[in-house]
Structure formats: structure tokens, C-alpha cells
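>>> pasting the structure only:
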């Protein structure tokens with residue numbers, strides 16, 4: 001067993017010994033996230049294509065978010081090394097991202113700007129700008145969407161359909177990870193109307209929140 005293996009196993013044991021969401025649990029979780037990201041053994045796709053790299057980063061982000069919620073229940077130390085288990089989850093999530101993108105393409109034609117593919121703006125909203133602070137950033141974002149303190153998300157909705165507002169769309173798409181067709185069915189508006197409203201209205205609020213909360217990505221916010 002090498003030092004990396006022993007270090008990760010030790011962090012997991014310590015993490016699961018603390019009840020969530022205690023300060024000790026959060027602090028150990030942040031240490032574990034940083035250790036994972038610093039590891040040179042993370043699985044990566046063979047292609048270096050920038051578009052596939054975007055999908056990989058999205059898969060890594062989602063895998064780590066899931067890890068923060070289910071690690072102690074899902075991972076069995078007796079079944080093998082943690083990193084092997086994590087890499088398998090990451091690879092599966094990456095394949096899910098590819099399949100989801102292929103389904104999205106069946107609904108719309110990709111828009112090209114120069115030589116680059118214009119990715120759905122939503123796919124870039126919550127990206128791992130500094131993934132060592134992923135948990136804090138994610139929780140703060142979800143809390144903002146849930147509370148909507150200024151009522152800007154709930155009040156911005158598709159004409160004649162208050163249900164299809166930015167708060168619900170953000171919950172369904174970003175927090176819940178649902179596809180646009182599923183969301184359209186749930187809110188009762190055409191898919192084109194939903195995606196258009198998101199890109200024209202809601203996505204502005206998401207980026208505004210990120211711009212205002214850039215401090216969350218700073219080294220000074222780390223739990224030591």
C-alpha cells in the first residue's frame with residue numbers, strides 16, 4: 001500500500017466517524033476533496049479535445065457532489081481502494097454526460113461560433129472554478145436558489161406560466177440534473193420556450209450570482 005492509498009483511507013475513516021453536517025465532517029470532507037483533486041491517478045478520457053474536456057469537468061463536478069452526499073453509505077473499504085471506486089464512478093458519469101449530450105443534439109442543431117462549438121450556457125454555470133471549494137460553493141448556490149431572497153427567480157417566468165420560473169428551472173436542471181425535455185413536461189411549457197427563457201433570462205441571474213460570490217473561490221476561504 002502506498003502513501004496516497006493510506007492517506008485517502010484514513011480521511012474516509014475519519015470523515016465517516018463524524019456525523020453530517022458537523023464542522024468536523026465538513027472540514028474532513030474538504031480535505032478529502034482536495035486530496036482527490038491533487039491525486040495523479042484520477043481517470044481521464046484519452047482524448048484531449050476541448051469539448052470532451054468540458055464534459056469531463058462536468059462529470060468530475062457531479063461525481064464529487066454525489067460523493068459529498070453518499071460516500072459513507074456507498075463505498076465499502078473491503079471491496080477495494082477508494083480511488084479505484086471513485087474512478088469507476090467518474091468514468092460512468094462521464095459516459096452519462098456523453099449520452100445526455102447526444103440526446104440534446106437530437107433535439108437541436110449545435111451553434112457554431114468561429115471554430116468553436118457554443119456549449120449550452122447552462123452547462124457552464126456551475127463549473128469547478130476551484131473544485132477544492134466545491135462543497136461550499138455548491139451548498140451556497142443551492143441555498144440561494146431555494147431561498148431566492150430577492151424574489152428575482154420566482155418572479156421571472158415564462159409568459160402565462162408562473163410555474164415555469166427561474167427558481168424551479170434552476171432546481172430541476174442544475175440541482176436535479178434533469179434534461180430539458182423532462183423539465184418542459186414537468187412545468188407544462190414547450191421545450192423550446194423553456195430553453196429560450198433560460199438562456200435569455202435565468203442564465204443571467206446564475207452568472208450574476210457567481211460574479212458576486214467570487215470570494216468563495218479564494219484560498220482564504222479554506223477550512224484549515
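Nice, thanks for sending it over. Here the structure is a predicted model, which is why all the values come from computation and not from measurement.
>>> give me the mean pLDDT for the lengthiest strand in the chain.
Determined from DSSP state E, the single longest strand within the chain is strand 161-165. Summarised as a single mean, pLDDT over strand 161-165 is 96.
>>> who does that strand pair up with?
Paired with strand 161-165 in the same sheet, following DSSP bridges, are strand 157-158 (antiparallel).
>>> residues touching the strand it pairs with, excluding its own?
163, 164, 165, 166, 187, 189, 193, 194, 197 (Cβ atoms under 8 Å, 6 or more residues apart in numbering). C-betas here are computed from N, CA, C, even on glycine.
>>> also stretch 63-81?
5, 8-9, 12-13, 15-16, 29, 33, 36, 82, 85-86, 89-90, 93, 128, 131, 134-135, 138.
>>> contacting residues around residue 25?
Contacts for residue 25 (Cβ under 8 Å, 6+ apart) come out as 15, 18, 19.
>>> doesn't residue 161 make contact with residue 189?
Yes - if you go by Cβ atoms under 8 Å, residue 189 and residue 161 touch, sitting 5.2 Å apart.
>>> looking at the two, which is more packed in?
In this view residue 189 and residue 161 are compared by other Cβ atoms under 10 Å, and residue 189 has more residues nearby, 20 against 14.
>>> next, count neighbours for the nearest residue to the more buried one once chain neighbours are set aside.
Leaving aside its sequence neighbours, residue 189 sits nearest to residue 164 (Cβ to Cβ, 6 or more residues apart in numbering; 4.8 Å). When neighbours are counted by other Cβ under 10 Å, residue 164 registers 23.
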